[in-house]
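J.: Please work out how this folds:
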Amino acid sequence: MPWTTTELDALKRAYASGTLRVSYDGKTVEYGSADDLLKRIRTIESEMAAASGSGRPVAGFATFSRGDR
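T.: All right, here's what the predicted structure looks like:
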């Protein structure tokens, strides 16, 4: 499904304002929770990045120290 920046922007505005009902391009969708809304945002961002070839790294390296050195 082709995602649009209009949809992504509407989802981000709704998430930032704490609402679960999102309207864009004459459509209205109500999400069950903020987590559902955030998952949709992440999915669209990920797929748009993959389609454009400029994706973010999926994994990184973590380091830590116990402070004994």
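J.: list the buried ones in stretch 14-33?
T.: The neighbour-count check on stretch 14-33 (16 or more other C-beta atoms under 10 Å) flags 14-15, 22, 24, 31 as buried. The way it works is simple: take the backbone N, C-alpha and C, and place the C-beta from them, glycine included.
J.: And it, end to end?
T.: 12 Å (C-alpha to C-alpha, to the nearest Å).
J.: TSV please, covering the buried residues of stretch 14-33 and showing secondary structure and distance to residue 53.
T.: Below are those laid out as TSV (DSSP: H, G, I helix; E, B strand; the rest coil; distance: C-beta to C-beta, whole Å):
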residue	secondary structure	distance to residue 53
14	helix	28
15	helix	26
22	strand	28
24	strand	25
31	coil	29
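J.: Can you give the distance from stretch 9-26 to the centre of its chain?
T.: 12 Å (C-alpha atoms, centre = their mean, to the nearest Å).
J.: Quote the end-to-end distance of that stretch.
T.: 14 Å.
J.: ok, and what's touching that stretch?
T.: Contacts with stretch 9-26, where a contact means C-beta atoms under 8 Å, 6 or more residues apart in numbering, come from 4, 6-7, 28-34, 36-38, 40-41, 44.
J.: Which parts of the protein are helices?
T.: 5-17, 34-52 (DSSP state H).
J.: between these, which one is nearest to residue 67?
T.: Checking the helices of the chain against residue 67 by C-beta to C-beta gives helix 34-52 as the closest, at 34.0 Å.
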